[in-house]
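Asker: Mind looking at a prediction? Sequence and model below.
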Amino acid sequence: MKNRTPMLTTILPVLACFALLPGAQAVSPAPDGCYPAFTTAEGCDALRSLTTGAGNTALGWRSLFLNTTGSFNTGVGGGALALNNGTSNTAVGTAALLLNTSGAQNTAVGTDALVHNGSGGSNTATGYFALMNNTTGGSNTAIGWEALTANIAGSDHVAVGKMAGSGITTVDNNIIIGHHSGVHSVFGQESDRCYIDNIHGAPVSAATAAMVMVDSDGRLGTVTMNGAGGFSSKGTSPQAIPDAAKQATLNLKVQNLQATATQNQHKIETLFAQLKEQAAKIQKVNAELEMRKPAAEVVVNKP
C-alpha cells in the first residue's frame with residue numbers, strides 16, 4: 001500500500017491558507033468547537049486528551065477521548081473512537097471503533113461496528129455489530145447486520161449480507177454473499193473460499209441454461225454450444241474462448257460415457273450371473289429327469 005501520509009501533510013498547509021484569504025468573513029456568532037490544527041470537537045469530553053494530533057473531528061460524548069497524537073480521525077457518536085491513537089479512522093455510530101488503539105484507516109458505520117478492534121487496520125464495517133469482535137484482523141469488508149461479527153484475527157474477507165460470514169473467526173480471504181456463515185457443513189472453517197447463497201437447489205430454465213465456468217483469473221462466465229458443435233460466449237469472440245472450457249466439456253462427456261459403460265458392465269455381469277445360475281438349474285433338472293427314466297426293457301421274440 002502506498003504511503004499517503006506525505007499527501008495528507010501537504011493538505012494541511014493548503015487548508016491553513018483559507019484562513020488568511022483576504023475578505024474572509026466568519027459566521028456570527030462563531031460556531032462552537034473551533035480549535036487549532038483543523039480540529040473540531042463537540043460533546044462532553046470529546047477529544048479531551050488531544051496534544052499534537054491534527055485534522056480530527058469528534059462529535060459525541062467522549063468521542064476520540066484519549067486521542068493524543070492521532071490525526072485525520074472522525075468520530076461521530078457516543079464513545080466513538082474513545083481509546084484511539086491511530087490515524088485516518090472514521091467511526092459513525094455509538095461505540096463504533098470504541099476500543100481501537102493503534103489501528104489505522106478503518107471505517108466503521110453502525111452501533112458497535114468494529115467496537116473491539118485494537119490494532120487491525122484497513123477494515124470497513126457497515127452495519128449494526130459488523131466486525132464487532134475483530135481485534136487484529138485487517139483489510140476486511142463487512143456490509144450487513146452482524147456481518148463477520150465473530151471474526152477476531154482473520155483478514156482479507158468480503159462479507160455482504162445479514163450475518164454474512166458470522167461463523168468465521170481466524171481463517172483468511174473468504175468471500176461470502178448472502179445469509180451464509182462462511183463455515184462448511186463438512187470441512188468447517190477454511191481459507192480462500194467463496195460462498196454464495198440461493199444457488200444450490202434453485203431451479204433454472206432448461207431452455208436457456210448455460211454452463212457456468214470460472215477461469216484462472218477468478219472470472220465467472222457462461223459457455224454454450226453453437227449449432228456447429230463449437231463453443232460460443234456472449235460478449236466474447238469465438239477465438240477468445242479458452243481451450244480449457246472445451247476440454248472441461250469433453251472431460252464431462254468422457255466421465256458420463258465412463259459412468260454409462262460402468263453401469264452397462266454391471267448389468268452384463270448381473271445378467272451373466274443369472275444365466276449361469278439358470279443353466280445350473282436346467283442341468284440339475286435334466287439330471288433328475290435322467291434318473292427318473294424307466295429302465296429299458298429287452299423284448300425277446302419267441303419262435
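Answerer: Perfect, I can see it now.
Asker: give the contact list for residue 32.
Answerer: Neighbour list for residue 32: residue 42 [criterion: CB atoms under 8 Å, 6 or more residues apart in numbering]. Any C-beta I mention is one placed from the backbone N, CA and C, and that applies to glycine too.
Asker: Centre-most residue in this protein?
Answerer: residue 175 (1.3 Å; CA atoms, centre = their mean).
Asker: Any idea how many residues pack against the nearest residue to it once chain neighbours are set aside?
Answerer: Spatially, and ignoring its direct neighbours in sequence, residue 175 is nearest to residue 194 (4.4 Å; CB to CB, 6 or more residues apart in numbering). Here the number of neighbours of residue 194 (other CB atoms under 10 Å) works out to 14.
Asker: quick one: residue 194 and residue 174 touch, right?
Answerer: Yes: under the criterion of CB atoms under 8 Å, residue 194 makes contact with residue 174 at 7.0 Å.
Asker: Average pLDDT for the longest helix along the chain, rounded please.
Answerer: Secondary structure of the chain per DSSP state H: the longest helix is helix 243-292. Average pLDDT, helix 243-292: 76.
Asker: now for it, which elements pack on it?
Answerer: strand 211-214, strand 220-225, strand 231-232 (3 or more CB pairs under 8 Å, 6 or more residues apart in numbering; DSSP states H and E).
Asker: Centre of the chain to stretch 192-210, how far?
Answerer: 16 Å (CA atoms, centre = their mean, to the nearest Å).
Asker: how about the CA coordinates for it, as PDB?
Answerer: In PDB, the C-alpha atoms belonging to stretch 192-210 read as follows (Å, rounded to 0.1, in the frame of the first residue of the first chain):
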ATOM      1  CA  ASP A 192      -9.600 -18.900   0.400                       C
ATOM      2  CA  ARG A 193     -13.200 -19.900  -0.300                       C
ATOM      3  CA  CYS A 194     -16.300 -18.400  -1.800                       C
ATOM      4  CA  TYR A 195     -19.900 -18.900  -0.600                       C
ATOM      5  CA  ILE A 196     -22.900 -17.600  -2.500                       C
ATOM      6  CA  ASP A 197     -26.400 -18.200  -1.200                       C
ATOM      7  CA  ASN A 198     -29.600 -19.000  -3.200                       C
ATOM      8  CA  ILE A 199     -27.800 -21.100  -5.900                       C
ATOM      9  CA  HIS A 200     -27.800 -24.700  -4.700                       C
ATOM     10  CA  GLY A 201     -31.200 -26.300  -5.200                       C
ATOM     11  CA  ALA A 202     -32.600 -23.300  -7.100                       C
ATOM     12  CA  PRO A 203     -34.300 -24.400 -10.300                       C
ATOM     13  CA  VAL A 204     -33.400 -22.700 -13.600                       C
ATOM     14  CA  SER A 205     -34.900 -22.800 -17.100                       C
ATOM     15  CA  ALA A 206     -33.500 -25.700 -19.000                       C
ATOM     16  CA  ALA A 207     -34.300 -24.000 -22.300                       C
ATOM     17  CA  THR A 208     -32.000 -21.100 -21.600                       C
ATOM     18  CA  ALA A 209     -29.500 -22.700 -19.200                       C
ATOM     19  CA  ALA A 210     -25.800 -22.400 -19.900                       C
END
